[in-house]
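> need the 3D shape of this:
(2 chains)
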Amino acid sequence: MSAVVEVKNLVKKYKEHVAVDDISFSVEEGELFAFLGENGAGKSTTINILCTILEKTSGEATICGYELGKDDDEIRKSIGIVFQNSVLDNKLTVKENLYTRGSYYGLSRAEIADKLKEYDEYFEMSEIWNRRYEKLSGGQRRRVDICRALLNDPKILFLDEPTTGLDPKSRRLVWDYIDSLRKKRKMTIFLTTHYMEETRDADHVVIMDHGKIMCQGTPAELKSKYAPGHFIWYTAKSPKAEQLLTQLEGEKAIDMSAPKYDVDHYDISIHGNITEFLYQHKDVITDYEIIKGSMDDVFLNITGKELE
Amino acid sequence: MKGFIGLTKRHLLLYFKDIQSVVFSLLTSIIVFVLYLLFLKGTFVDAINSVMNGLESIINSKDIEMLVNGILLTGIMGSAMITVPYNCLTTVVKDRENKIDYDISATPMKRWQIILSYFVSSVISAFVMTAIIFTIGLITLNAMGDTCLSVKTIIKLYGVIILGAISATAFFMIIVLFFKSSSACAAFFGMLSAATGFVIGAYIPVSQFSDSVQTACNIFPASHITVLFRNTLLSGVLEKINNDIGGLDQGKFAESIQDIFSFQAYMFGEHLKTNMSVIYTCVFASITIIVMTLLYAKTYKRR
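Residues are numbered from 1 along each chain as shown, chains lettered A, B, ... in the order given. Model (predicted):
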């Protein structure tokens, strides 16, 4: 795999305010790359810079091998964007919206008609073609937005918080479409989101806060590094249990006055081999559970803030 | 080129598909028409009668009718020339407000093509709407009597419509850049609609105002365009009336009508001849196009 997006020391300043603060990362071809952060973390600004909409203050970036600031026209031909807010025209029908947008890329009506046929197969759109965009449900709108972003057969699809404001069912549907796109087209997806669960299937996650990259890696790497998870074991109150707790330095039952103990280890590694630990103390431990760390825990541990 | 045509088509679709927007853009013209039916016609006829000076038996009442109806038509066209392009150009503000300009900017289209598409779509919509009004008006006037218009004059009138559409669009392209929200844009449209009828002399002839107010009104090319409409559309009828009078009044009746109904724009103590109004409008449009180009180049530069 080769990098389709390479960003080095990217900075965006608005007078004194630093919206993007010296960030570097790369996106491999065909991967689902996720930018995670609160509103105002600098995710959308970064996307808008990479999509040639905003000017960078300093730094370098190449998209599909084209240099940002020099080969902007080539970059524009290679990317598709689904914006945070809908940017299609409410008063126009879905077809009119897509035909006009297709023409921006120099496509003929026949070429656009072929694409519309193709989308119909992917997204089952035939019933909404002639409906005004304003009359569509949130999920339908997002489907059309994705179709619009695919008109120029982009190599990279930028999705700026594509599911914000959607109900859970519509969010699921949108993700089904994105997943099917990835499978069928092997497209690189660059996603920004503040929904933790949307980063679960990402190949690479970058967490941003106040314009800075706080950490990056695969979800598994981030979880193992920043949110190792919980190992909870349960025991009835007994001298043996008390002895075991004394042996395990720093470990305390959640409620010492209760008739039984629930012992929560925030750090699974404290026990070394859990299986061995459970076997050794099988006469004391009545039950146990292992809860793996989530991306919420990663985000909370890194930024000290909770996301939705 | 396909992108430019597509974007221009999109702006036009947005204007013409929104029936409410089309109706509102013609609101001043509709008000002028309603007021005409209610009392303006009577006022115009009274003003004409006051300068008849014993010529009542010579001047054909049908020609007077044609004259006042023609003045009405020029008022309606003059108003549409202002309100239609402004309404069409609110798309610029809406696109910036809803960040649709981001979507357009992220395509391979050149910045100048994007700006030109707004300009061209506004010129086309202003031309189409005004030309429709003119054509309907002309057919109605023809049904009522002799308009005394040659084909050449009619073509000239369509030419004036194009000049008016270009000059008004260039001016409003600058104005809309100052609005950050469509609500501010709509508020301004309210004021514009109210003022338009007075500025172009659709309600009261501009000649009724003080010299300074007349100068202020005639700074805007739309007033000159209305003057050009009036001269071109009514020159045939006035000439016919003059011929009927046969020099008995040494052309005073026609002169009085031209004075009362502002057949010449008055600026800074001077009455401008019609060719001067054409030059003024062209110069005004050229300057505004240059200013507009500079402002848009700055605004549409990546931030």
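> make it CA atoms for all contacts and neighbour counts henceforth
Fine.
> for B:T107, which non-adjacent residue is closest in space?
Nearest non-adjacent residue to B:T107, counting by C-alpha to C-alpha, 6 or more residues apart in numbering or on different chains: A:R76, 5.3 Å away.
> name the helices or strands packed onto the helix or strand containing the one you found?
Here A:R76, judged by DSSP states H and E, is contained in helix A:72-78. Contacts defined by 3 or more C-alpha pairs under 8 Å, 6 or more residues apart in numbering or on different chains; DSSP states H and E place helix A:72-78 against strand A:66-67.
> contacts for the strand it packs on, please.
Residues outside strand A:66-67 that contact it (C-alpha atoms under 8 Å, 6 or more residues apart in numbering or on different chains): A:60-61, A:72, A:74-75.
> which residues of the stretch 51-200 of chain B lie near chain A?
Contact residues, the stretch 51-200 of chain B versus chain A (C-alpha under 8 Å from any C-alpha of the partner chain): B:98-100, B:102-109.
> who wins for most neighbours among those?
Counting neighbours by other C-alpha atoms under 10 Å in any protein chain shown, B:T107 leads these with 29 neighbours.
> does that one count as helix, strand or coil?
Secondary structure assignment for B:T107 (DSSP: H, G, I helix; E, B strand; the rest coil): coil.
> and it, how far from A:I146?
Using C-alpha to C-alpha, to the nearest Å, B:T107 is found at 15 Å from A:I146.
> next one, pLDDT for the residue of the stretch 201-308 of chain A found nearest chain B please.
For the stretch 201-308 of chain A, the residue positioned closest to chain B under C-alpha to the nearest C-alpha is A:G211, at a distance of 17.3 Å. Looking at A:G211, its pLDDT reads 89.
> specify the local secondary structure of B:S167.
helix.
> which residues touch it?
Per C-alpha under 8 Å, 6+ apart, neighbours of B:S167: B:221-222, B:281-282, B:284-285, B:288.
> farthest-apart pair in those, please.
Using C-alpha to C-alpha, the two most remote members of these are B:A222 and B:T288, lying 13.4 Å apart.
> thought A:I79 was touching A:K155?
Yes: the pair formed by A:I79 and A:K155 meets the contact definition of C-alpha atoms under 8 Å, at 6.0 Å.
> state the distance from the residue nearest to the residue of the stretch 201-308 of chain A closest to chain B when sequence neighbours are not counted to chain B.
Of all residues not flanking A:G211 in the chain, A:V20 sits nearest, at 4.1 Å (C-alpha to C-alpha, 6+ apart). Distance, A:V20 to chain B, using C-alpha to the nearest C-alpha, to the nearest Å: 14 Å.
> let's have the contacts of strand A:66-67 in JSON lines, adding pLDDT and neighbour count.
As requested, the contacts of strand A:66-67 are exported to JSON lines (pLDDT from 0 to 100; neighbours: other C-alpha atoms under 10 Å in any protein chain shown):
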{"residue": "A:E60", "pLDDT": "92", "neighbour count": "16"}
{"residue": "A:A61", "pLDDT": "92", "neighbour count": "22"}
{"residue": "A:D72", "pLDDT": "89", "neighbour count": "20"}
{"residue": "A:E74", "pLDDT": "91", "neighbour count": "17"}
{"residue": "A:I75", "pLDDT": "92", "neighbour count": "27"}
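> give me the contact list for stretch B:127-138.
Residues contacting stretch B:127-138 (C-alpha under 8 Å, 6+ apart): B:73, B:76-77, B:80-81, B:84, B:158, B:161-162, B:165.
> how about it as CSV, C-alpha atoms only?
Extracted C-alpha coordinates of stretch B:127-138, given in CSV (Å, rounded to 0.1, in the frame of the first residue of the first chain):
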residue,chain,number,x,y,z
PHE,B,127,-33.6,40.0,-19.4
VAL,B,128,-36.1,37.1,-19.6
MET,B,129,-38.5,38.5,-17.0
THR,B,130,-38.4,42.1,-18.4
ALA,B,131,-38.6,40.9,-21.9
ILE,B,132,-41.7,38.8,-21.0
ILE,B,133,-43.3,41.8,-19.4
PHE,B,134,-42.4,44.0,-22.4
THR,B,135,-43.7,41.5,-24.9
ILE,B,136,-47.0,41.0,-23.0
GLY,B,137,-47.3,44.8,-22.6
LEU,B,138,-46.6,45.4,-26.3
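> and it, what's buried?
Across stretch B:127-138, burial judged by 16 or more other C-alpha atoms under 10 Å in any protein chain shown covers B:127-131, B:133-134, B:137-138.
> any residue of stretch B:1-9 up close to chain A?
Yes: Stretch B:1-9 reaches chain A (C-alpha under 8 Å from any C-alpha) through B:1-7, B:9.
> now that stretch: mean pLDDT?
Rounded mean pLDDT across stretch B:1-9 is 90.
> can you give me the helices for the stretch 51-200 of chain B?
Secondary structure of the stretch 51-200 of chain B by DSSP state H, counting those that start in this stretch: the helices cover B:61-97, B:100-105, B:111-144, B:151-176, B:182-199.
> pLDDT at the residue nearest to B:D101 when sequence neighbours are not counted, what is it?
Distances taken as C-alpha to C-alpha, 6+ apart place B:D95 nearest to B:D101, at 5.4 Å, with adjacent residues excluded. Model confidence at B:D95, given as pLDDT, is 92.
> and for the residue nearest to A:G211, the neighbour number?
With other C-alpha under 10 Å as criterion, A:V20 counts 27.
> helix/strand/coil for it?
The local conformation at A:V20, judged by three-state DSSP, is strand.
> that one contacts A:K212, correct?
Yes: counting by C-alpha under 8 Å, A:V20 touches A:K212, with 6.4 Å between them.
> quick check: neighbours shared by these two?
Counting by C-alpha under 8 Å, 6+ apart, the contacts common to A:V20 and A:K212 are A:G42.
> neighbours of the residue in chain A that chain B sits nearest to, how many?
Relative to chain B, the nearest point of chain A is A:Y104 (3.8 Å; C-alpha to the nearest C-alpha). Look at A:Y104: counted by other C-alpha under 10 Å, it has 25 neighbours.
> what helix or strand does the residue nearest to it when sequence neighbours are not counted sit in?
Nearest residue to A:Y104, sequence neighbours excluded (C-alpha to C-alpha, 6+ apart): B:G3, at 3.8 Å. Element membership of B:G3 [criterion: DSSP H and E] is helix B:2-16.
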